[in-house]
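S.K.: 3D model of this:
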Amino acid sequence: MIPSPRIAMVGVGNCASTLVQGISYYRRSASIVGLMHPTLGGLAVGDIHLACAFDVDKRKIGLPVGRAIFAPPNNSRVFCPDPDDDGAVVHPGPLGDGVTAHLRDASLPQHVEVDDRAAPTAPTAVVRVLRDTGANILVNYLPVGAQTAAELYAQACLDAGVAMVNCIPVFIASDRGWQERFATAGLPLIGDDVKSQFGATIVHRQLAALAESRGLSIDSTYQLNFGGNTDFLNMLERTRLLSKKISKTQAVTSQLRKDFDERRVHIGPSDYVAFLADNKICYIRLNARGFADLPMELDVKLSVEDSPNSAGVVVDAIRCAALALAKGIGGAIPAVSAALMKHPPRQMAEPAAAAALEEWITSFAPTPAPSSADRTA
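M.R.: Numbers count the residues shown, from 1 in each chain. Below is the predicted model:
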């Protein structure tokens with residue numbers, strides 16, 4: 001029997017809101033729509049429990065998680081207005097580099113009101129909360145570009161004996177140093193930068209790979225994204241986009257021929273459009289050549305609710321971390337990360353990554369007891 005995961009969430013934003021609502025939704029409903037794995041290693045989505053959460057916004061700190069997820073500046077869709085929160089509350093987390101200057105601008109609809117208790121909070125306080133609440137898996141939902149803050153929480157995981165699922169494009173699981181530290185501690189590490197369940201990157205990857213598999217040569221391609229949540233507002237600070245662009249670009253180019261010129265690829269967030277709220281608009285274009293070098297152009301528009309699109313992947317990552325914990329597997333988990341993350345320790349073609357994940361999950365199935373015929377043979 002695999003113990004139920006008890007998660008600590010870092011960043012109580014839209015992604016956390018959708019995850020918390022989704023856990024209750026599937027706990028109370030017989031529906032399996034939207035799930036890649038209704039059960040994973042014997043764990044249902046409703047078997048995930050909340051231990052605690054961390055944030056720096058004064059409108060969330062101190063609240064039960066079930067209320068904090070609906071506090072400003074969150075604007076994701078509400079589909080479960082009374083979620084279970086297992087008694088978890090939001091604690092002040094270390095500020096680090098988690099909030100840019102423009103996110104503090106009160107004139108912006110998605111601004112963050114930083115609590116005075118956040119700035120001086122030390123990682124030791126995070127370790128204490130993780131231990132006191134019985135958390136065994138930390139889910140990192142910090143803003144894009146929060147390198148220092150992400151590393152503070154990664155160290156807190158090591159100090160508290162907690163696994164980590166790194167959902168943001170700060171390179172922890174794909175960094176050799178962090179891999180070795182988590183392996184030495186015997187703690188699972190899954191990351192980096194969660195894929196959407198059916199989002200811009202997965203669609204772009206599949207279309208590009210399909211074109212090449214059918215004999216086409218891709219000359220150039222772009223992916224432009226727009227949205228109105230805090231994530232897109234944060235990314236107006238272009239200096240925070242380096243790791244994000246690397247992550248998204250390599251996720252696509254890893255599916256193409258090895259000599260593909262990355263200067264012919266443009267992938268990244270384009271703008272913040274407040275009225276879109278948590279809706280994300282993506283435009284994808286492929287310029288290619290087919291038979292007799294004749295040109296082919298493909299344009300795709302994708303419109304999705306941004307946060308729910310990642311939650312369907314995160315519930316699998318959490319349950320995989322729980323399986324690894326139960327089996328004493330430490331360090332980065334390549335098969336899981338390749339299937340669920342944009343910037344894993346090792347990139348794989350999408351079908352191969354999916355197959356590797358299924359094989360990894362199946363390896364945890366209990367060995368059937370020998371039949372009487374086997375015992376007498």
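S.K.: can you give me the helices in the stretch 151-300 of the chain?
M.R.: 176-185, 200-213, 230-234, 242-253 (DSSP state H, counting those that start in this stretch).
S.K.: The stretch 1-150 of the chain too?
M.R.: Counting by DSSP H, counting those that start in this stretch, the helices of the stretch 1-150 of the chain are 14-28, 65-68, 123-133, 147-160.
S.K.: What are the buried residues along the longest one?
M.R.: Applying a neighbour-count criterion of 16 or more other C-beta atoms under 10 Å, the buried positions in helix 14-28 are 14-27. Glycine gets a C-beta too; all of them are placed from N, C-alpha and C.
S.K.: contacting residues around it?
M.R.: Helix 14-28 is contacted from outside by 9, 31-32, 35, 44-46, 48, 50, 53, 65-66, 69-70, 74-80, 82-85, 139, 141, 167, 229-231, 278, 306-308, 310-312, 314-315, using C-beta atoms under 8 Å, 6 or more residues apart in numbering.
S.K.: Restricted to buried residues, select those residues in PyMOL.
M.R.: In PyMOL syntax, the buried subset of the contacts of helix 14-28 is picked out as below (16+ other C-beta under 10 Å):
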select buried, resi 9+35+44+45+46+48+50+53+65+66+69+70+74+75+76+80+83+84+85+139+141+167+229+230+231+278+306+307+308+310+311+312+314+315
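S.K.: what's the angle between the longest helix along the chain and helix 14-28?
M.R.: Ranked by residue count under DSSP state H, the longest helix found in the chain is helix 306-327. Angle between the axes of helix 306-327 and helix 14-28 is 70 degrees (criterion: axes from the mean of the first three to the mean of the last three C-alpha atoms, to 10 degrees).
S.K.: can you redo the helices of the stretch 1-150 of the chain as JSON lines with mean pLDDT and distance to residue 269?
M.R.: Shown next, in JSON lines, are the helices of the stretch 1-150 of the chain (pLDDT from 0 to 100; distance: least, C-beta to C-beta, whole Å):
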{"stretch": "helix 14-28", "mean pLDDT": "98", "distance to residue 269": "15"}
{"stretch": "helix 65-68", "mean pLDDT": "98", "distance to residue 269": "26"}
{"stretch": "helix 123-133", "mean pLDDT": "95", "distance to residue 269": "29"}
{"stretch": "helix 147-160", "mean pLDDT": "96", "distance to residue 269": "17"}
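S.K.: Residue 191 is nearest to which of those helices?
M.R.: Counting by C-beta to C-beta, residue 191 lies closest to helix 147-160 out of those; the figure is 9.5 Å.
S.K.: other SSEs contacting the closest one?
M.R.: helix 123-133, strand 137-140, strand 163-166, helix 176-185 (3 or more C-beta pairs under 8 Å, 6 or more residues apart in numbering; DSSP states H and E).
S.K.: Strand partners (parallel or antiparallel) of the helix or strand following the longest helix of the chain?
M.R.: Once the chain leaves helix 306-327, the next helix or strand it forms, by DSSP states H and E, is strand 331-332. Taking DSSP bridges as the criterion, strand 331-332 forms sheet pairs with strand 188-190 (parallel).
S.K.: Now do the strand it pairs with: everything it contacts.
M.R.: 163-166, 172-173, 178-179, 182, 317, 320-321, 324-325, 329-333, 336-337, 340-341.
S.K.: outside of stretch 315-325, which residues touch it?
M.R.: 2-5, 7, 19, 22-23, 35-37, 40-41, 43, 45, 47-48, 136-137, 139, 163-165, 167, 187-188, 190, 194, 330, 333, 336, 340-341, 357, 360-361, 364.
S.K.: How about stretch 302-313?
M.R.: 14-15, 17-19, 22, 34-36, 76-77, 167, 194-200, 203, 227, 229, 231, 278-282, 284, 340.
S.K.: With stretch 31-45 instead?
M.R.: Under C-beta under 8 Å, 6+ apart, the answer for stretch 31-45 is 1-2, 4-5, 22-23, 25-27, 197, 308, 312-313, 315-316, 319-320, 322-323, 361, 364.
S.K.: Report the mean per-residue pLDDT for it.
M.R.: The pLDDT scores in stretch 31-45 average 96.
S.K.: send the alpha carbons of it over as PDB?
M.R.: C-alpha atoms of stretch 31-45 as PDB (Å, rounded to 0.1, in the frame of the first residue of the first chain):
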ATOM      1  CA  SER A  31     -15.800  11.300 -13.400                       C
ATOM      2  CA  ILE A  32     -12.400  10.400 -14.900                       C
ATOM      3  CA  VAL A  33     -12.700  13.000 -17.700                       C
ATOM      4  CA  GLY A  34      -9.500  15.000 -18.000                       C
ATOM      5  CA  LEU A  35      -7.200  12.500 -16.300                       C
ATOM      6  CA  MET A  36      -4.400  10.700 -18.000                       C
ATOM      7  CA  HIS A  37      -4.300   8.200 -15.100                       C
ATOM      8  CA  PRO A  38      -7.500   7.900 -13.000                       C
ATOM      9  CA  THR A  39      -5.400   5.700 -10.700                       C
ATOM     10  CA  LEU A  40      -1.600   5.700 -10.600                       C
ATOM     11  CA  GLY A  41       0.200   3.100  -8.500                       C
ATOM     12  CA  GLY A  42      -3.100   2.500  -6.700                       C
ATOM     13  CA  LEU A  43      -3.500   6.200  -5.900                       C
ATOM     14  CA  ALA A  44      -6.500   8.200  -7.100                       C
ATOM     15  CA  VAL A  45      -6.400  12.000  -7.400                       C
END
